[in-house]
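In: Have a look; sequence and predicted model below, questions after that.
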Amino acid sequence: MLWLLHGNLGSPADWKPAMEALRAGGIEARALNLWKYLECCPKSLEDMGRVLCSEIAAQDKHPWLCGYSLGGRLAMQAVLTHPPLWKGAVFVSANPGLEDEAEKAARRAKDAEWAVKCLSAPWEDFLKEWETQAVFGGESGNPDRSSLKPWRKSISRAFIDWSVGAQKNLAPLLRQSPVPQLWIAGERDTKFTALARRAAGEQAVIIPHAGHRLPLEAPARLAESLQQFILQNP
């Protein structure tokens, strides 16, 4: 089974088009709702890595894992927590971490601002501001996030607990990991294309004419890359 983790301000439904394409190719996938894990209490990135390992291992003895953006960073934590569990991992538009401490501090401060806005601003105003970020620039059609409003407390907490500013730079550990890895980014997403190439070199998959939101923008191409990776690592 391939387990799928969505991004920030995302939901399991974001994976539906890719899951349908995967199923047509004979690969079963399941998408988790990450927000439910923050309903009760704070949970660090490392804690969430352990939770994912425990929950998925209880249902699947040798799973595949794929995470997009925030979900990609959580997938990294899970892979590093218990490498023997995983057949392979795919990181889509994902950042292994920041190296500069000042940059980390700035990111934590910015994410703290987002956390406050998520809770206190009118939901539609918060979403509009979120969509203006440069990383989403030039992408066609913003996804409907009205259904996420009931999860706003968990989403707000995620800005704090799961900020990339709170994350160790995992790149060195991932390079040493025995778990087969695939890094994917969209061609128009220059920042994450560079991160993918830095992590995987020529093995990185860069999807043409696509931006950051690959599960929504290029689900068929993404599913094709996932299927090839799985078939190459039986």
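Out: Done, it's in.
In: quick one: the strands in this structure?
Out: Ranges of strands within the chain are 2-5, 29-32, 64-68, 88-92, 181-186, 205-207, based on DSSP state E.
In: Where does pLDDT dip in this structure?
Out: The chain contains residues with pLDDT under 70 at 138-142.
In: coming back round to it: need the strands of the chain in a markdown table with distance to Gln227, can you?
Out: C-beta coordinates here come from the backbone N, C-alpha and C atoms, glycine included. Listed next are those as a markdown table, based on distance: least, CB to CB, whole Å:
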| stretch | distance to Gln227 |
| --- | --- |
| strand 2-5 | 9 |
| strand 29-32 | 10 |
| strand 64-68 | 11 |
| strand 88-92 | 11 |
| strand 181-186 | 11 |
| strand 205-207 | 12 |
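In: Mean neighbour count and distance to Glu39 added to the ones you listed, as a markdown table?
Out: Putting these into a markdown table (neighbours: other CB atoms under 10 Å; distance: least, CB to CB, whole Å) gives the following:
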| stretch | mean neighbour count | distance to Glu39 |
| --- | --- | --- |
| strand 2-5 | 25 | 17 |
| strand 29-32 | 19 | 14 |
| strand 64-68 | 27 | 20 |
| strand 88-92 | 27 | 25 |
| strand 181-186 | 25 | 30 |
| strand 205-207 | 20 | 34 |
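In: Nearest to Trp130, out of those strands?
Out: strand 64-68 (15.9 Å; CB to CB).
In: For that closest one, enumerate the helices and strands it packs against.
Out: Judged by 3 or more CB pairs under 8 Å, 6 or more residues apart in numbering; DSSP states H and E, strand 64-68 is in contact with strand 2-5, helix 70-81, strand 88-92.
In: Could you tell me how far the first one lies from the centre of the chain?
Out: Spelled out, it's strand 2-5. In terms of CA atoms, centre = their mean, to the nearest Å, the centre of strand 2-5 is found 10 Å from the chain centre.
In: quick one on the thing from earlier: can you lay out the helices and strands packed on strand 64-68 as JSON lines showing distance to Leu52?
Out: Shown next, in JSON lines, are those (distance: least, CB to CB, whole Å):
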{"stretch": "strand 2-5", "distance to Leu52": "8"}
{"stretch": "helix 70-81", "distance to Leu52": "4"}
{"stretch": "strand 88-92", "distance to Leu52": "11"}
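In: and of those, who's closest to Gly186?
Out: When these are compared by CB to CB, strand 88-92 sits nearest Gly186, at 9.1 Å.
In: Lys153 contacts Phe159, correct?
Out: No - applying CB atoms under 8 Å as the test, Lys153 and Phe159 come out as separate, 11.2 Å apart.
In: out of those two, which sits in the busier spot?
Out: Phe159 (23 against 13; other CB atoms under 10 Å).
In: nearest residue to that one other than its sequence neighbours?
Out: Leaving aside its sequence neighbours, Phe159 sits nearest to Ala115 (CB to CB, 6 or more residues apart in numbering; 3.8 Å).
In: In contact with that neighbour, which residues?
Out: Ala115 is in contact with 156-157, 159-160, counting by CB atoms under 8 Å, 6 or more residues apart in numbering.
In: And Ala218, by the same measure?
Out: Ala218 neighbours (CB under 8 Å, 6+ apart): 186, 207, 209-210.
In: In TSV: those, plus distance to Glu124.
Out: Converted to TSV, these look like this (distance: CB to CB, whole Å):
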residue	distance to Glu124
Gly186	27
Ile207	31
His209	30
Ala210	27
